[in-house]
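> no sequence on this one, just coordinates:
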């Protein structure tokens, strides 16, 4: 998958992570989108590095999607923990 594919996957994974973890985010829509993109990259890297699942060359691979959404969720939770009260 190309870098553009990972960015699109990250955008969609960020939207899914936001749907699964509703609430106010300190960064709003743009922050959540950037977290989704970063989560897709980090989730794919962790999956290939430590979980012994190579990064798929197919956009519709379920394990790739799970890794991207999982990475997005982890980053979104971490972001809320670190910067959650800055918007109050």
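Looks like it arrived, so ask away. Just so it is clear, the structure is predicted and the values come from calculations on it, not from any experiment.
> now the closest residue in space to residue 39 that isn't next to it in sequence: how far from residue 22?
Once flanking residues are discounted, residue 39 sits nearest to residue 72: 3.1 Å by C-beta to C-beta, 6 or more residues apart in numbering. No exception for glycine: its C-beta is placed from N, CA and C like everyone else's. Plainly put, residue 72 is 14 Å away from residue 22 if you go by C-beta to C-beta, to the nearest Å.
> okay, these two: which has more neighbours?
Between residue 72 and residue 22, counted using other C-beta atoms under 10 Å, the more crowded position is residue 72 (31 against 7).
> Helices of the protein, start to end?
3-20, 28-49, 62-83 (DSSP state H).
> would you list those helices in TSV and tack on mean pLDDT?
Formatted as TSV, those follow (pLDDT from 0 to 100):
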stretch	mean pLDDT
helix 3-20	82
helix 28-49	79
helix 62-83	83
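> thinking again about what came up before, list residues touching both of residue 72 and residue 22?
Listed as contacting both residue 72 and residue 22 by C-beta atoms under 8 Å, 6 or more residues apart in numbering is no residue at all.
> Contacts only, for the residue most central in space within the chain.
Geometric centre of the chain, nearest residue: residue 72, 2.4 Å, by C-alpha atoms, centre = their mean. Neighbouring residues of residue 72 by C-beta under 8 Å, 6+ apart: 10, 13, 14, 16, 17, 35, 36, 38, 39, 40, 43.
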